[in-house]
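Student: Mind folding the following:
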Amino acid sequence: MRIVTSLLKLSLHSKNPFKKLWSRYKAQSTIVEDLQTLYSFRHTGAIEIYKRTNNLSILQQAMGHSTLAVTLGYLRGLEIPSLRLEDMPRL
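Tutor: The predicted structure follows:
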């Protein structure tokens with residue numbers, strides 16, 4: 001209910017009402033870090049989609065990217081485990 005009340009207090013004619021609401025939420029929140037932005041959730045979402053599907057094409061479509069290069073940029077925070085010799089295929 002507090003979010004609805006906050007939305008009603010926002011000027012919907014402002015340049016970016018979501019940014020204004022996010023700033024208010026961050027000021028009151030104890031779980032959101034100061035440097036977190038709404039945009040950071042897009043990166044987190046991209047990583048989660050990739051972890052669940054292991055499919056770059058699906059991720060690219062979900063993100064609405066025209067090139068795979070842009071999509072790969074969103075995965076830069078993904079941890080890649082070290083390859084071990086026993087994991088490599090025998091030739």
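
Student: need the contact list for the residue nearest the centre of the chain.
Tutor: With distances taken as C-alpha atoms, centre = their mean, Arg42 lies nearest the centre of the chain, 2.2 Å away. The contact partners of Arg42, taken as C-beta atoms under 8 Å, 6 or more residues apart in numbering, are Met63, Tyr74. C-beta here means a position set from N, CA and C on the backbone, and glycine is covered the same way.

Student: biggest helix in the protein by residues?
Tutor: helix 40-53 (DSSP state H).

Student: Only alpha carbons, please: show that one as CSV.
Tutor: The C-alpha trace of helix 40-53 is given here as CSV (Å, rounded to 0.1, in the frame of the first residue of the first chain):
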residue,chain,number,x,y,z
SER,A,40,21.4,-3.1,-12.4
PHE,A,41,18.4,-5.4,-12.2
ARG,A,42,18.6,-5.8,-16.0
HIS,A,43,22.1,-7.3,-15.7
THR,A,44,21.0,-9.6,-12.9
GLY,A,45,18.0,-10.7,-14.9
ALA,A,46,20.2,-11.4,-17.9
ILE,A,47,22.5,-13.6,-15.9
GLU,A,48,19.6,-15.5,-14.4
ILE,A,49,18.0,-16.1,-17.8
TYR,A,50,21.3,-17.5,-19.1
LYS,A,51,21.9,-19.7,-16.0
ARG,A,52,18.4,-21.2,-16.5
THR,A,53,18.5,-21.7,-20.2
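
Student: on that earlier part again, relative to Lys26, how far out is the residue nearest to the centre of the chain?
Tutor: Here Arg42 is placed at a distance of 17 Å from Lys26 (C-beta to C-beta, to the nearest Å).

Student: Repeat that for Glu86.
Tutor: Glu86 is 46 Å from Lys26, by C-beta to C-beta.

Student: residues in contact with Lys26?
Tutor: Val32, Asp34, Gln36.
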